[in-house]
Every structure is written in structure tokens, then in C-alpha cells.
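Q: A structural model of the following input is requested.
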Amino acid sequence: QVHLVESGGGLVQAGDSLRLSCAASGVTFNEYYMGWFRQAPGTVREFVAAINWNGASTYYADSVQGRFTISRDNAKNTAYLQMNSLKPEDTAVYYCAATWYVYSAPRVGAYDYDNWGQGTQVTVSS
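A: This next block holds a predicted model:
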């Protein structure tokens with residue numbers, strides 16, 4: 001069982017940047033595919049970004065492509081989401097997710113993941 005803890009959320013203005021972190025424990029981190037999802041009030045949880053076990057393959061939702069960057073440091077058992085040029089519509093609770101998967105095919109559905117963090121709030125004011 002993977003224990004995931006997100007951090008780095010906060011209140012920022014439109015155009016600002018934030019970096020979210022997801023610290024994992026309890027497993028061999030480099031065997032896990034990592035994803036970021038977000039959920040705004042009254043909406044379903046949506047895919048944001050994903051990264052394979054060694055960081056060689058990344059995937060992004062169209063809404064964040066070119067603004068967000070997912071990365072990982074396997075030596076630190078941590079995944080990151082660098083968010084630049086933030087917009088008010090990026091406001092949501094952001095969740096880190098993990099699944100045991102050592103291949104590179106994209107895992108972009110919430111159903112693809114079986115381990116979730118508690119979430120961190122990101123609020124972008126206009």
C-alpha cells in the first residue's frame with residue numbers, strides 16, 4: 001500500500017506559479033506510475049498529468065499542456081507538478097495518485113489508479 005502526501009497548494013493570483021509535491025512511502029517508488037488529478041466543487045475528478053516509472057513518458061490534459069510540468073525524483077520518492085501561468089479555472093483540490101505499473105502506456109483515467117493522497121487546495125484569484 002502506497003502512502004501519498006501532497007503539499008504545496010495555496011492561494012495565488014492569475015499568472016502566478018506553484019509547485020506541488022507528492023511524497024510516497026511504503027513501496028518501491030520507481031515501480032509506480034504517478035498521476036495528478038484535480039476536482040473543483042460540483043465537478044468530477046479530472047486528469048491533469050501523468051508520468052511513467054522512470055520519467056521518460058509524460059502525458060497532459062489539453063487544458064494544462066504547455067503550462068504544467070510533471071516530474072519525479074525516484075531517489076527522493078517524490079513526484080512534482082510545476083504549475084505556471086495559473087488561471088482561475090485551475091482552482092481545485094489537486095490529488096496525487098499512484099499505481100503499480102512499470103510500462104509506459106498512458107494511465108489517464110482515475111480508474112487506472114488505486115492509491116490516492118488526501119489532496120491539496122489550489123486557489124487562483126483573478
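Q: CA only for contacts and neighbour counts going forward, please
A: Fine.
Q: what is the end-to-end distance of stretch 1-16?
A: Distance across stretch 1-16, first residue to last, is 35 Å (Cα to Cα, to the nearest Å).
Q: who touches it?
A: Under the contact criterion Cα atoms under 8 Å, 6 or more residues apart in numbering, stretch 1-16 has outside partners 18-27, 84-88, 95-98, 115-126.
Q: repeat that for stretch 47-57.
A: For stretch 47-57, contacts defined as Cα under 8 Å, 6+ apart pick out 30-38, 58-61, 64, 69-72, 74, 101-104, 106-110.
Q: what comes up buried for it?
A: 47-55 (16 or more other Cα atoms under 10 Å).
Q: average pLDDT across that stretch?
A: In this model, stretch 47-57 has a mean pLDDT of 95.
Q: now it - C-alpha only, PDB.
A: Presented in PDB, the C-alpha positions along stretch 47-57 are these (Å, rounded to 0.1, in the frame of the first residue of the first chain):
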ATOM      1  CA  PHE A  47      -7.000  14.000 -15.200                       C
ATOM      2  CA  VAL A  48      -4.200  16.600 -15.200                       C
ATOM      3  CA  ALA A  49      -0.900  14.900 -15.800                       C
ATOM      4  CA  ALA A  50       0.900  11.500 -15.500                       C
ATOM      5  CA  ILE A  51       4.400  10.200 -15.600                       C
ATOM      6  CA  ASN A  52       5.800   6.700 -16.100                       C
ATOM      7  CA  TRP A  53       8.200   4.900 -13.700                       C
ATOM      8  CA  ASN A  54      11.400   6.500 -15.000                       C
ATOM      9  CA  GLY A  55      10.100   9.800 -16.100                       C
ATOM     10  CA  ALA A  56      10.700   9.200 -19.800                       C
ATOM     11  CA  SER A  57       7.000   9.400 -20.700                       C
END
